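> 3D, please:
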Amino acid sequence: MSVMKRDLNFMFLILIIVTLMMFVGFSTFYQMKFYNLTEDYRTKLAQLEKVSTELQLSRSILNETSVELEVREERASDLQGKYDKLRDEKEKIEGERNRLESELNIARRDLADKIAKVVQLESDVAAKVLEIAAKAAQIASLQTDLNDCEEDYDICKDDLAACQG
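Presented below is the predicted three-dimensional model:
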């Protein structure tokens, strides 16, 4: 029994050593796995921090771009309003200009007609002045003839009175 006991103790010893070696092997295996996982975790964490930093940078750039876009949209809206207002004012002024041009053309035609009438009236007046001058000359001639006739009448009247008396 002693041999069996020794064999059994030896077996237990081998079993304990195998168990310890397995424990050491598994511990080493898990330690290596844990080390690899820790390294992967640290690498992924560094990448995640880098991506997070890039994301924050992109977010801040996006916020700035969004603010600039809002400002540009406001400016575009203001400019569109001003453009619409100026376009309406331009159309109004063009309409007023066209109306004034047509009035000017009408006034020019009226002025040309009136100038033609004035020229016609001036020529009529000149003709009438000449006619009046001719009539005045005729009147003067007739007045002279009348005076001559009155003198002849007075002479005849004196002669008649002398003859009668």
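> give me the distance between residue 21 and residue 28.
As judged by CB to CB, to the nearest Å, residue 21 and residue 28 stand 10 Å apart. Yep, even glycine has a C-beta here, placed from its N, CA and C like the rest.
> what of residue 8?
Per CB to CB, residue 8 is found 30 Å from residue 28.
> what does residue 141 give?
161 Å.
> from the chain's centre, how far out does the one helix or strand residue 127 maps to sit?
Per DSSP states H and E: residue 127 is located in helix 2-164. Relative to the mean C-alpha coordinate of its chain, helix 2-164 is positioned 0 Å out (CA atoms, centre = their mean, to the nearest Å).
> what stretches of the chain score poorly on pLDDT?
For the chain, the stretches with pLDDT under 70 are 1-5, 165.
> run the last query once more with 90
Within the chain, the stretches with pLDDT under 90 are 1-13, 15, 142, 145-146, 148, 150-165.
> what's in contact with stretch 131-146?
Counting contacts by CB atoms under 8 Å, 6 or more residues apart in numbering, no residue outside stretch 131-146 touches it.
> pull stretch 130-143 out as CSV, backbone CA atoms only.
Provided in CSV are the C-alpha atoms of stretch 130-143 (Å, rounded to 0.1, in the frame of the first residue of the first chain):
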residue,chain,number,x,y,z
LEU,A,130,-49.8,146.3,-96.3
GLU,A,131,-53.5,146.3,-97.1
ILE,A,132,-54.1,148.9,-94.3
ALA,A,133,-51.2,151.0,-95.7
ALA,A,134,-52.7,150.7,-99.2
LYS,A,135,-56.1,151.6,-97.8
ALA,A,136,-54.6,154.5,-95.9
ALA,A,137,-52.9,155.7,-99.1
GLN,A,138,-56.2,155.3,-100.9
ILE,A,139,-57.9,157.2,-98.1
ALA,A,140,-55.3,159.9,-98.3
SER,A,141,-55.8,160.0,-102.1
LEU,A,142,-59.5,160.1,-101.7
GLN,A,143,-59.2,162.7,-98.9
